[in-house]
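Student: build me a model:
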Amino acid sequence: MRAGLAAFLFLLALAVPGFAALDPSEMLDDPAAEARARAISKELRCMVCQNQSIDDSDAELARDLRMVVRDRIRAGDSDAEVFDFVVARYGDFVLMTPPFRPETWLLWLAPGLVLIVGGGIALLTLRRARAGGAGARLTAEEEARLAALAGPDMSEKAE
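Tutor: Residues are numbered from 1 along each chain as shown. Below is the predicted model of the structure:
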């Protein structure tokens, strides 16, 4: 019973920051405009937290950016114009999903390249292990040389 209560309290503590991020005074009166603002805010990175969207962050900068988004929507900007406005000031890093451009190709293609290279290495390793089998047998001359190098104690144990 205590473990269940502890798990519930832990999950509740994780959920609280998400509820506390958006102040009701920030919300727009029009539900459709507010939905647009929330959708845009989920796509913009908090420059302080860096792993959260401005919609989820409690940072002061995130609050300011949420207000900028809502101000731009009130001014009649389209979603693309709002993104362009924020990117012009903070760069592509502010986007949760960076654009696919020559500067970001490595960022987008690296996971696939890592999988391909890793898979190739795994296949080569498996092929070598199967092809090697028991290994090459030593000739009588090589066995005699090995016994001489190992010393008299080792040659007696081998027999």
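
Student: does residue 85 lie in a helix or a strand, and which?
Tutor: helix 79-90 (DSSP states H and E).

Student: which other helices and strands contact the longest helix seen in the chain?
Tutor: Looking across the chain with DSSP state H, the single longest helix is helix 105-132. Where contact means 3 or more CB pairs under 8 Å, 6 or more residues apart in numbering; DSSP states H and E, helix 105-132 is not packed against any helix or strand. Any C-beta I mention is one placed from the backbone N, CA and C, and that applies to glycine too.

Student: now it: mean pLDDT?
Tutor: The average pLDDT for helix 105-132 rounds to 90.

Student: pop the domain breakdown of this structure in here.
Tutor: 2-99, 103-158 (automatic domain parsing).

Student: now those domains in JSON lines, with mean neighbour count?
Tutor: Shown next, in JSON lines, are the domains of the chain (neighbours: other CB atoms under 10 Å):
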{"stretch": "domain 2-99", "mean neighbour count": "15"}
{"stretch": "domain 103-158", "mean neighbour count": "10"}
